[in-house]
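J.: Provided below for reference: sequence and predicted model.
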Amino acid sequence: LLFPLSKLFHLQKSYGEQYMERFADEADVVIVGGGPAGLSAAIRLKQLANEQEKELRVCLVEKASQIGAHTLSGACLEPSALIELFPDWKERGAPLNTPVTEDLFSILTKKHRIPVPMLPGLPMNNHGNYIVRLGHFVRWLGEQAEELGVEIYPGYAAAEVLFHEDGSVKGIATNDVGIAKDGSPKDVFERGMELHAKVTLFGEGCHGHLAKQLYQRFNLRENCEPQTYAIGLKELWVIDEKKWRPGRIEHSVGWPLDRNTYGGSFLYHLNEGEPLVALGFVIGLDYTNPYLSPFREFQRWKHHPFIAKTLEGGDRIAYGARALNEGGYQSLPKVTFPGGMLIGCSPGFMNVPKIKGTHTAMKSGMLAAEAIFPKVTAEDPASETTGFHIPEYEENLKKSWIWKELYSVRNIRPSFHNYFGLYGGMLYTGVFYWIFRGKEPWTLKHAGLDSAQLKPAKECLPIEYPKPDGKLSFDLLSSVALSGTNHEGDQPPHLTLKDDSVPVARNLAIYDGPEQRFCPAGVYEYVPLETGEGMRLQINAQNCVHCKTCDIKDPSQNINWVVPEGSGGPAYNGM
Amino acid sequence: MSRVLVGVKRVIDYAVKVRVKPDHSGVVTDGVKHSMNPFCEIAVEEAVKLKEKKLFKEVVAVSCGPAQATETIRTALAMGCDRGIHVEVTGKDYESLGPLQVSKIFAALAKKEEASLVILGKQAIDDDCNQTGQMTAALLDWPQGTFASEVEIEGDKVKVVREIDGGLETIKINMPAVVTADLRLNTPRYATLPNIMKAKKKKIANMKPADLGVDIVSRLEVLRVDEPPTRLAGVKVETVDDLVAKLKESGTI
């Protein structure tokens, strides 16, 4: 919030009134974020409008250069929400090409593997689901949305929430572009644009930067626990055809993580022509050891004999990372406020033990649309505030299968916080979920803010990670290159610091600079000062893959991720 | 002296890691991030600047390719071009489309649209051919000012400052002419959201190469595409004698 305001003041002082005006346009509904939630909401709105022959202008802005380019997920899709949205999804060519045929779960030790039977009824049982490349699925959703008449604007980042005088949300503004690194306007400077709407939907995905502001402004988190997160790192590999088992799902827990660090792996065999596997590693961001590097845990996990045998002789073709939310039921905020709503992974509907959030994200978008539609097309809106407040969305969420699902698995993730860690959690799941389906009357709590969980470096042991071998495991920079990420170089860095002195004084001094390790893109480096003694934090903003982990895990909560110029960021293709 | 024709090409974005198709027939393009060729952006910017100086009445953006080429034309329209022409070339024809066929298309359009100036990027970043501008000029029998780092209209002539190996060369050519844009010609403006919205209302005409009487059969056949050989790690040596020995070993000396 501090950052864009300071730029505005600078401009106002130097260039006068003419630069303050922004072009503004009106829509009925504006949607921030072109992911499963945002697109499902847009599609549902237009479906209703077309059914009832009503005019409805729906505009969607997305910071990625094309729909799907910032999408990253495993992913194993439960088609429930898709079937509701498009019963004819198959005829429409939705890219669900890989039905799950085999489901394996293992506990890994350093050299061995203990298979765990995937009994029906366990949350991660995948019968009836599809392995998808979520980026391609989202791209397909985008095409359906455009056909229905949704105006989609990829390459434009919503940077600011706009408010009416009565405090309700008026819409959003895209960021000003053409600002140099030092904050001064370049020759190509252009003001952002304002998009006004009766209701604005915020579907920014996990830990959205505008959602952060909305939580504060409207006190949306006063009755829920803080959100707790994980980081997911992913690669795509073309493997030896002989090792390819299309439709096979493999999950593991255990090695290389210790029993007190929540996390595990996935390896999915796609069936789309090439022998392609999607694999990755997820680590809960409530980990305590500042020496832990999620990226290097991921790289060394690939050397486990059970995993290595699939990957040997293969080629890595893609890499990326994204934070995901794990708070579930306990961390759900209020999702409606005057003039707007939160949908998808932003408030956070992921079913953690199922490791699925796409179906619930889509459903939340659809429920939002169904609540909005009668209000924005009514003759007499009957809204107390200029921006519509539509609490029916939240009421309908609570009556829907999303709520039932999240409620039933609410105790699984927090059950991990016991002396036995992983094993205690698995025992709890086996007893209470498999037998009682989450009907136990108590609700366990999470551990608190992820950023508060790190122990000081002196209380922890550094972890000896093996050097990457260049065949199965790789170094960070070559991985980042595979994400295709890029940003216009001459712009202010979008990883902003509230206080410039905190990184060295606190993060480095107490925690040995954990941001050097938890950033999956090498944005943060502590380098020696050019003159004299000491270190400084170097921020390589161009590498950023928009995963949001730094904003979540910084123990000083000093890093504030703001959105860079539109089109910047990763160029994922079917991740 | 009223119309400028600008060519824009949709290419794989420069920051993307390109991958060779498993059958070695080409590179993977499906789903890969594409954008307007950076030199074409510079060409569009120059054309729009000339129009803003009231030296030309209309700027027409042209792109040859499949349906997605219209997105690139849309960006050009958002930057200030008045209308677009999409010359549709798809599938195998598009894979084998090269500078010779494209220059024939541009030459035909330049005549049809009675353009006084054709501005193109000096080369595309996917094939690095640096041929289309020159071939277009030759087919039209028009003068050419290539590698332009400065363009000035002086009456019915164009003064072009060209970036050449030895430095800068200034030439003056008669219009109609072909100019190709080099890096330092200008800094392209952003295509802002309001302009993208307005661009949706501007016209993009759709046509096929046959409509222009152009035969796009390629005279080149790509036999095979391979990645460059992996760069081997360097070897550190301790002494000058070691260096000489290693150089002799590798047959370099």
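T.: Sure, I can see it. Keep in mind the model is a prediction, meaning the values are calculated, not measured.

J.: so where is chain B shaky, pLDDT-wise?
T.: B:1 (pLDDT under 70).

J.: So which bits of the stretch 201-350 of chain A are right by chain B?
T.: Proximity of the stretch 201-350 of chain A to chain B is confined to A:238, A:274, A:317 under the rule Cβ under 8 Å from any Cβ of the partner chain. Just so you know, the C-beta spots here come from the backbone N, C-alpha and C atoms, and that holds for glycine as well.

J.: Pretty sure the last one sits against residue A:236.
T.: What it means is residue A:317. Yes. The criterion here is Cβ atoms under 8 Å, and residue A:317 meets it with residue A:236 at 5.2 Å.

J.: quick one, strands of the stretch 1-150 of chain B?
T.: B:3-7, B:10-12, B:34-36, B:58-65, B:83-88, B:117-121, B:144-154 (DSSP state E, counting those that start in this stretch).

J.: And the contacts of the fourth one?
T.: The one in question is strand B:58-65. Here strand B:58-65 makes contact (Cβ atoms under 8 Å, 6 or more residues apart in numbering or on different chains) with B:2-10, B:44, B:47-48, B:50-51, B:69-70, B:72-73, B:76-77, B:80-90, B:94, B:97, B:102, B:105-106, B:109, B:113, B:115, B:209.

J.: sorry, back to before: deepest-packed of the strands of the stretch 1-150 of chain B, please.
T.: Of all the strands of the stretch 1-150 of chain B, strand B:117-121 carries the top mean neighbour count, a mean of 29, counting by mean count of other Cβ atoms under 10 Å in any protein chain shown.

J.: Return the residues of chain B in contact with chain A.
T.: B:13-17, B:19, B:22, B:30-33, B:35, B:187-190, B:192-194, B:196-197.

J.: circling back: neighbour count: residue A:317 and residue A:236, which is higher?
T.: residue A:236 (23 against 16; other Cβ atoms under 10 Å in any protein chain shown).

J.: Report the contact partners of the more buried one.
T.: A:276-279, A:316-319, A:574-575.

J.: at 10 Å instead, please
T.: Applying Cβ atoms under 10 Å, 6 or more residues apart in numbering or on different chains to residue A:236 gives the contacts A:133, A:270, A:274, A:276-280, A:315-320, A:482, A:572-575.

J.: What of residue A:48?
T.: A:54, A:56, A:369-370, A:372-374, A:377.

J.: Of those, which pair is most distant in space?
T.: A:54 and A:370 (14.0 Å; Cβ to Cβ).

J.: So between these two, which is more surrounded?
T.: Ranked by neighbour count (other Cβ under 10 Å), residue A:54 and residue A:370 place residue A:370 first, with 17 against 12.

J.: Are we agreed that that one is in a helix?
T.: Yes. Membership of residue A:370 in a helix is supported by DSSP: H, G, I helix; E, B strand; the rest coil.

J.: Test my guess that it contacts residue A:44.
T.: Yes. Using Cβ atoms under 10 Å, residue A:370 is in contact with residue A:44, at 6.4 Å.

J.: Could you give the bridge partners of residue B:36?
T.: Per DSSP bridges, the residues bridged to residue B:36 are residue B:10.

J.: ok, it - contacts?
T.: So residue B:36 contacts B:8-11, B:13, B:42-44, B:61, B:63, B:71-73, B:75-76, B:79, B:121, B:188, B:191 (Cβ under 10 Å, 6+ apart).

J.: quick one: residue A:314 and chain B, what's the gap?
T.: Taking Cβ to the nearest Cβ, to the nearest Å as the measure, residue A:314 falls 12 Å from chain B.

J.: ah, wrong one, I meant residue A:485
T.: 7 Å.

J.: How about the contacts made by that residue?
T.: Residues in contact with residue A:485 (Cβ under 10 Å, 6+ apart) are A:69-70, A:319-320, A:521, A:542-546, A:568-572, B:15-16.

J.: Just the ones in strands from the residues you listed, please.
T.: A:319-320 (DSSP state E).

J.: Now the closest residue to residue A:422 other than its chain neighbours: phi and psi?
T.: The shortest distance from residue A:422 to any non-neighbouring residue, by Cβ to Cβ, 6 or more residues apart in numbering or on different chains, is to residue A:259 (4.5 Å). Here is the backbone geometry of residue A:259 (degrees, to the nearest 10): phi -70, psi -10.

J.: next one: residue A:325
T.: Here residue A:325 shows phi and psi, under degrees, to the nearest 10, equal to phi -100, psi 150.

J.: Buried ones from the contacts of strand B:58-65, can you make that a ChimeraX selection?
T.: Of the contacts of strand B:58-65, the buried ones go into a single ChimeraX selection, burial set by 16 or more other Cβ atoms under 10 Å in any protein chain shown:
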select /B:3,4,5,6,7,8,9,10,44,47,48,50,51,69,70,72,73,76,77,80,81,82,84,85,86,87,88,89,97,102,105,106,109,113,115,209
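
J.: ok, now which ones touch the most centrally placed residue in chain A?
T.: With distances taken as Cα atoms, centre = their mean, the residue of chain A nearest its centroid is residue A:206 (3.5 Å). By Cβ under 10 Å, 6+ apart, residue A:206 lies in contact with A:35, A:227, A:229-232, A:322-326, A:344-346, A:348, A:350, A:357, A:547-549, A:552.

J.: That one is in what secondary structure piece?
T.: Counting by DSSP states H and E, no helix or strand carries residue A:206.

J.: Now do the contacts for residue A:570.
T.: So residue A:570 contacts A:64-65, A:69-72, A:318-322, A:480, A:482-486, A:521, A:544-547, B:15-16, B:33 (Cβ under 10 Å, 6+ apart).

J.: got it, and residue A:268?
T.: Contacts of residue A:268 (Cβ under 10 Å, 6+ apart): A:74-76, A:98, A:100, A:126, A:131-133, A:246-251, A:276-280.

J.: Counting only strands, which of those residues make the cut?
T.: A:76, A:98, A:131, A:248-251, A:276-280.

J.: which one among those gets closest to chain B?
T.: Among those, residue A:276 lies closest to chain B (Cβ to the nearest Cβ), at 10.5 Å.

J.: Chain B versus residue A:518, what's the distance?
T.: 24 Å.

J.: okay, now that residue: neighbour count?
T.: Other residues lying near residue A:518 total 23 when counted by other Cβ under 10 Å.

J.: Now, the residues of chain B next to chain A that are in helices?
T.: B:193-194, B:196-197 (DSSP state H).

J.: Next up, the contacts around the closest residue to residue A:469 other than its chain neighbours.
T.: Distances taken as Cβ to Cβ, 6+ apart place residue A:303 nearest to residue A:469, at 7.8 Å, with adjacent residues excluded. Contact partners of residue A:303, counting by Cβ under 10 Å, 6+ apart, are A:256, A:311, A:466, A:468-469, A:471-473.

J.: For residue B:181, state which of the ones in helices among the residues of chain B next to chain A is nearest.
T.: Among those, and counting by Cβ to Cβ, the member closest to residue B:181 is residue B:196, at 22.4 Å.

J.: and the gap between the closest residue to the closest one other than its chain neighbours and chain A?
T.: Using Cβ to Cβ, 6+ apart and skipping residues adjacent in sequence, the residue nearest residue B:196 is residue B:78, 4.5 Å away. Distance of residue B:78 to chain A, computed by Cβ to the nearest Cβ: 10 Å.

J.: so how far is residue A:403 from the residue nearest to residue A:66 when sequence neighbours are not counted?
T.: Nearest non-adjacent residue to residue A:66, counting by Cβ to Cβ, 6+ apart: residue A:154, 5.2 Å away. Using Cβ to Cβ, to the nearest Å, residue A:154 is found at 32 Å from residue A:403.
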